[in-house]
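Student: Provided below are the primary sequence and the corresponding predicted coordinates.
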Amino acid sequence: MSKLQVGRLTNTNAARHTVVVKLPIADDQGVVREEEIRVVYRGLSIREAAAIDEKYDNVPAEQALPEVLAANIVALPDVVGDDDKPIEPSVEFFQTVDAFALNRIRRAIDNDRLGNPTN
């Protein structure tokens with residue numbers, strides 16, 4: 001087994017994780033199907049997570065959630081704009097997304113970060 005350098009383990013800016021989120025999306029005919037999108041998000045240390053919790057403790061969810069997601073999501077490779085290129089996961093983008101989808105994305109990331117509690 002090779003040794004892992006501490007810098008690689010503690011550099012959360014370099015840590016990237018991907019989770020698949022299922023979202024109900026209506027097509028042009030109004031038929032709702034569950035679509036899967038990949039969400040690539042960056043790692044967080046316990047210290048960073050605590051700072052985020054403190055920063056948004058008294059901020060309304062409709063403001064906090066788009067800001068937190070934009071700060072943590074690196075890419076949404078399956079969500080494309082009119083130019084067929086992946087959209088930029090910005091605060092402005094997340095402010096236009098249905099709250100149900102935002103919460104499902106947030107929960108998927110939270111669950112992925114927690115991992116398997118029995119390990």
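Tutor: Ah, there it is. Residues are numbered from 1 along each chain as shown.
Student: for the closest residue to E35 other than its chain neighbours, which three-state class applies?
Tutor: Spatial nearest neighbour of E35, chain neighbours left out: I25 (4.6 Å); criterion: Cβ to Cβ, 6 or more residues apart in numbering. (C-beta placed from N, C-alpha, C; glycine too.) State at I25, reduced to three classes by DSSP: H, G, I helix; E, B strand; the rest coil: strand.
Student: show me what the longest helix along the chain is packed against.
Tutor: When the chain is parsed with DSSP state H, its longest helix is helix 99-114. When contacts are defined as 3 or more Cβ pairs under 8 Å, 6 or more residues apart in numbering; DSSP states H and E, helix 99-114 sits against strand 16-26, strand 32-42, helix 61-72.
Student: list of residues touching the following helix or strand past the longest one?
Tutor: The element immediately downstream of helix 61-72 (helix or strand, assigned by DSSP states H and E) is strand 73-75. With contacts defined as Cβ atoms under 8 Å, 6 or more residues apart in numbering, strand 73-75 is touched by 16, 39-42, 86, 89, 105, 109.
Student: if you set the cut-off to 7 Å instead, what comes out?
Tutor: Strand 73-75 is touched from outside by 16, 39-42, 86, 89, with contacts defined as Cβ atoms under 7 Å, 6 or more residues apart in numbering.
Student: residues in a beta bridge with the residue nearest to the spatial centre of the chain, which ones?
Tutor: Centroid-nearest residue in the chain, with Cα atoms, centre = their mean: I73, separated by 4.4 Å. I73 has these beta-bridge partners by DSSP bridges: Y41.
Student: from F94, how far off is it?
Tutor: 8 Å (Cβ to Cβ, to the nearest Å).
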